[in-house]
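Peer 1: Here is the input, now give the coordinates:
(chains A and B)
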Amino acid sequence: MNTHTLVASNISKVYGNYTALDDVSITVPVGSVYGLLGPNGAGKTSLIRIINQITMPDQGQVLLNGELLSQHHISDIGYMPEERGLYKSMKVGEQCIYLAQLKGLSKEEAKKRLNYWFEKLGMQGWWNKKLQELSKGMAQKVQFIVTVLHEPKLLIFDEPFSGFDPVNANLIKEEILALRDAGTTIIFSTHRMESVEEMCDHIALIDKGKVVLNGRLNDVKEQFRSRSYAVSIITGNQQETFNKLPKELRPQRTELRGLERTLDVHLQLPLTWTVPQVLQLLTGLGELTYFSELIPSVNDIFIKTVAAHG
Amino acid sequence: MDKLWLIIKREYLNKVRNRTFIVMTFVSPLIFVGVALLIAWLTSLNSDTARKVAILDTTGQHYDELFISDGSIEYIPLIGVGLDAAKKATQVASYYGLLYISNENGALDIMTFYSNDSPSMGLVREVESKINKKSTDENLLTAGIDLEVIKNAKASKELSLENFTGISTSKQSGFIKIAAGGAAGYLLMMFIIIYGNMVMRSVIEEKSNRIIEIIVSSVKPIYLMMGKITGTSLAGITQFAIWVILGAMLVTASTVFLGIDAFTNPANADVVNQAQDVNQMQAIANDIAQLPLGTLVTCFFLFFIGGYFLYASIYTAIGAAVDSETDTQQFMFPVIIPLILAIYVGFFSVMENPDGTVAVIFSYIPLTSPIVMLMRIPFGGIAWWEIAISLLLLYASIFFVAWLASKIYRIGILMYGKKTTWKELYKWLKY
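Peer 2: As a prediction, the model looks like this:
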């Protein structure tokens, strides 16, 4: 049993004078939700197209389930591109079956699975509707089904929730998590990092064609802990209490809870202070109601990392 | 291969189920036959109302008797009036015109046609020849020459045409060869333009629908391209077949039920000529049988398929390079030019001399060879190796052009929002 669904090593891709990918390596563990994160133009889509064998890398290789990527892997991958699209004048059922057949499914099998999904997502009446008769939200559901119908081992979503309305986004999110629980490996590619942060367990940050950071999300966050804490204290005089805080804790007032008589501050602990010492100090100032470490968001981490790389 | 078949099937069904396609398939022959019937009807309507032409003959030689009214022109002789009065009367009566013949100075010296519109060349020639013949005859008589002698002395032998194997042909032979070649070449050009455009539109549609990325993550772009071209051409062949069948049915129906004979011009249907017609039909049948039919049909298919695939590859590349149909203009021009050139070379050089240098060269160049060669073949005398070389060049260039086109296609289908230039295309070829 392979522990990694996808191993891409030292991938490079150059378009004319433009380097889209520069020695990129990622490893995606089986059953993980992998976030491929980075700003627009970082090279995410270029990498995904290589994994989908739409384009060939100039250098490097991709292993899928331990095998060098080849034509027969097409049926192992489900891909929802950033630019969504289906044949407008084709009927929904016919279209789904055609696209599933292109992925190697038999007509009967495609029909059976389609019935299952249509029922699950409440689309039974859509079979003979043309796509142009559907609303945008409805078309997005069809798009999702097309992506997962052939039950691929690896699902790739480029900007997964862009264009989905909140209700559908939630529905799709749940379906994706259910697929993960069933053993499917999932890659999310997005520049809106906050949208996938809660779902990913592994991430790779890509900037200007290079992987600037990757690993388990928890490890990454651990690495970027900055000894910052959010604090709330109920006190008589907020300003007076604030002034009592030692300057070396770098206190900064915020509107964390916005309650009356409550002082909200962010503290940045120097190495000379331990958490119990701070707690002791704070409990002496008033009724301590909130004390929590500030975990950096992926967005913060990204900005920090990119800034560090210049 | 299964996937290629799937794509062909989808492209085919998608085209033939399309409402516009169905309407065009069934309405076009109706329009075509309708227009033909309309023209026939208008022609018969036209000849119902005879034009009135007044004749003022002051010669006393009875030139006016030469002109006998028929369905199209009614002649009205004017007697005992002057020219000015005759002109006025003709205008008042709104006749078509006035023919004035006079011999004031002894010999026939004035013949003038007065009218508001200029008369047709046919009318002018007919009037001239009738009057001149009578005048000539009279001059000969005056000179004391017996007309019978001249008539008997005149030779009017026709040149009979026969080929070396001894089968006689009609004079129409050349015309039939031109018609067969011209029809084949023209048909191919129309097919390329109509269905090449259709392939191109279908590429643009997939690109602007953004479904292309899903498809190319399932099949190789070259399969999609080939499937598209094949599927569309099959739809085209279906449409053509329906047109031929419908056309034949409509022509038969209109002949049987409406009594309009679409094949013969009623003006030629002289009783006297009918016996000759039978002989002539025989000769025409001979001519058709003598066309290198086997070669022509085989070559028609080979060049038709080759020519279509060559141009369709170029059309797909264009479709892939642009974002919308309006952007195709700059690339269309170089595609249309060789087609038009081929037709011109075919109709001028080939008909002038089927084995002339220009005709031969253009029947080897792949972009023009399908049309020019198809026009040369009916004239015969083309060695099999000439056709073989031409076909070889054509099919070799299909592979080359399709290879180039697929490179452009592969890159182009994933490029959005950029206006593609020739320089850009050249760059894509090197990726």
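
Peer 1: and stretch B:370-384, how far out from the chain's middle?
Peer 2: Centre-to-centre, stretch B:370-384 and its host chain are 18 Å apart (Cα atoms, centre = their mean, to the nearest Å).

Peer 1: What residues sit buried inside it?
Peer 2: By neighbour count on 16 or more other Cβ atoms under 10 Å in any protein chain shown, the buried set for stretch B:370-384 is B:370-379, B:382. Every C-beta, even on glycine, is put in place using the N, C-alpha and C of the backbone.

Peer 1: got it, and stretch B:113-120?
Peer 2: B:113-115, B:119.

Peer 1: May I see the buried residues of the strand or helix carrying A:Lys173?
Peer 2: According to DSSP states H and E, A:Lys173 maps onto helix A:166-181. For helix A:166-181, a neighbour-count test (16+ other Cβ under 10 Å) marks A:168-169, A:171-173, A:175-176, A:179-180 as buried.

Peer 1: Check which helices and strands that helix sits against.
Peer 2: helix A:136-148, strand A:154-158, strand A:185-190 (3 or more Cβ pairs under 8 Å, 6 or more residues apart in numbering or on different chains; DSSP states H and E).

Peer 1: picking up where we left off before, save the buried residues of stretch B:113-120 as JSON lines, and put in distance to A:Leu285, pLDDT and secondary structure too.
Peer 2: Compiled in JSON lines, these are given as follows (distance: Cβ to Cβ, whole Å; pLDDT from 0 to 100; DSSP: H, G, I helix; E, B strand; the rest coil):
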{"residue": "B:Phe113", "distance to A:Leu285": "123", "pLDDT": "88", "secondary structure": "strand"}
{"residue": "B:Tyr114", "distance to A:Leu285": "123", "pLDDT": "88", "secondary structure": "strand"}
{"residue": "B:Ser115", "distance to A:Leu285": "119", "pLDDT": "86", "secondary structure": "strand"}
{"residue": "B:Pro119", "distance to A:Leu285": "118", "pLDDT": "81", "secondary structure": "coil"}
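
Peer 1: and B:Ser69, what does it touch?
Peer 2: By Cβ atoms under 8 Å, 6 or more residues apart in numbering or on different chains, the residues touching B:Ser69 are B:50, B:75.

Peer 1: Does the spatially closest residue to B:Val216 that is not a sequence neighbour belong to a helix, a strand or coil?
Peer 2: Distance criterion Cβ to Cβ, 6 or more residues apart in numbering or on different chains; nearest residue to B:Val216, sequence neighbours excluded, is A:Ile54 at 5.1 Å. Look at A:Ile54: counting by DSSP: H, G, I helix; E, B strand; the rest coil, its state is coil.

Peer 1: Quickly note the distance from A:Ile54 to B:Met249.
Peer 2: Between A:Ile54 and B:Met249 the distance is 49 Å, computed by Cβ to Cβ, to the nearest Å.

Peer 1: State the distance from the closest residue to chain B within the stretch 201-310 of chain A to B:Met332.
Peer 2: Across the stretch 201-310 of chain A, no residue is closer to chain B than A:Gly209, which sits at 16.5 Å (Cβ to the nearest Cβ). To B:Met332, A:Gly209 is 37 Å away according to Cβ to Cβ.

Peer 1: Neighbour count for these two, which is higher?
Peer 2: A:Gly209 (23 against 16; other Cβ atoms under 10 Å in any protein chain shown).

Peer 1: Identify the residues contacting that one.
Peer 2: Contacts for A:Gly209 (Cβ under 8 Å, 6+ apart) come out as A:19-22, A:24, A:42-43, A:46.

Peer 1: Among these, which one lies nearest to chain B?
Peer 2: Distances from chain B to those, taken by Cβ to the nearest Cβ, are shortest for A:Ser46, at 10.2 Å.

Peer 1: before we move on, which element is the closest one in?
Peer 2: Per DSSP H and E, A:Ser46 falls inside helix A:44-51.

Peer 1: That helix near chain B anywhere?
Peer 2: Yes. Using Cβ under 8 Å from any Cβ of the partner chain, helix A:44-51 reaches chain B at A:Arg49.

Peer 1: tally of neighbours for the residue lying closest to B:Ile192 once chain neighbours are set aside?
Peer 2: Closest residue to B:Ile192 apart from its sequence neighbours, by Cβ to Cβ, 6+ apart: B:Tyr311 at 4.6 Å. B:Tyr311: 26 surrounding residues under other Cβ under 10 Å.

Peer 1: can you tell me which residues contact B:Tyr311?
Peer 2: In this structure, B:Tyr311 makes contact with B:192, B:196, B:335, B:339, judged by Cβ under 8 Å, 6+ apart.

Peer 1: Is it possible to get TSV of those residues that adds secondary structure and pLDDT?
Peer 2: Compiled in TSV, those are given as follows (DSSP: H, G, I helix; E, B strand; the rest coil; pLDDT from 0 to 100):
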residue	secondary structure	pLDDT
B:Ile192	helix	90
B:Gly196	helix	90
B:Val335	helix	87
B:Leu339	helix	91
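
Peer 1: Quick one: which of the residues you listed is the most crowded by neighbours?
Peer 2: Tallying neighbours with other Cβ under 10 Å puts B:Gly196 at the head of those, with 27 neighbours.

Peer 1: residues touching it, list them.
Peer 2: Contacts of B:Gly196 by Cβ under 8 Å, 6+ apart are B:308, B:311-312, B:314-315, B:335.

Peer 1: Up against chain A, what does the stretch 201-350 of chain B have?
Peer 2: Residues of the stretch 201-350 of chain B lying near chain A by Cβ under 8 Å from any Cβ: B:206, B:209-220.

Peer 1: rerun that using 10 Å as the cut-off
Peer 2: Applying Cβ under 10 Å from any Cβ of the partner chain, we find that the stretch 201-350 of chain B lies next to chain A at B:205-221, B:223-224.

Peer 1: okay, the angle between the helix holding A:Ser46 and strand A:154-158?
Peer 2: Counting by axes from the mean of the first three to the mean of the last three Cα atoms, to 10 degrees, helix A:44-51 lies at 150 degrees to strand A:154-158.

Peer 1: Paired strands for whatever helix or strand comes next after helix A:44-51, with orientation please.
Peer 2: Elements were assigned by DSSP H and E; along the chain past helix A:44-51, the next helix or strand is strand A:59-64. Strand A:59-64 pairs in its sheet with strand A:4-15 (antiparallel), strand A:67-68 (antiparallel), by DSSP bridges.

Peer 1: Dump these to CSV, plus mean neighbour count, distance to B:Glu65 and mean pLDDT.
Peer 2: Converted to CSV, these look like this (neighbours: other Cβ atoms under 10 Å in any protein chain shown; distance: least, Cβ to Cβ, whole Å; pLDDT from 0 to 100):
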stretch, mean neighbour count, distance to B:Glu65, mean pLDDT
strand A:4-15, 19, 90, 90
strand A:67-68, 10, 101, 90
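
Peer 1: so which of these comes closest to B:Lys133?
Peer 2: strand A:4-15 (82.7 Å; Cβ to Cβ).

Peer 1: Just the C-alphas of the closest one, formatted as PDB.
Peer 2: Coordinates of the C-alpha atoms in strand A:4-15 are reproduced here as PDB (Å, rounded to 0.1, in the frame of the first residue of the first chain):
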ATOM      1  CA  HIS A   4       1.400   8.800  -1.100                       C
ATOM      2  CA  THR A   5      -1.200   9.300  -3.800                       C
ATOM      3  CA  LEU A   6       0.900  11.800  -5.600                       C
ATOM      4  CA  VAL A   7       4.600  12.500  -5.600                       C
ATOM      5  CA  ALA A   8       5.700  15.300  -7.900                       C
ATOM      6  CA  SER A   9       9.500  15.800  -8.000                       C
ATOM      7  CA  ASN A  10      11.500  18.700  -9.400                       C
ATOM      8  CA  ILE A  11       8.900  19.800 -11.800                       C
ATOM      9  CA  SER A  12       9.900  22.700 -14.100                       C
ATOM     10  CA  LYS A  13       7.900  24.300 -16.900                       C
ATOM     11  CA  VAL A  14       8.900  27.300 -19.000                       C
ATOM     12  CA  TYR A  15       6.700  29.100 -21.500                       C
END
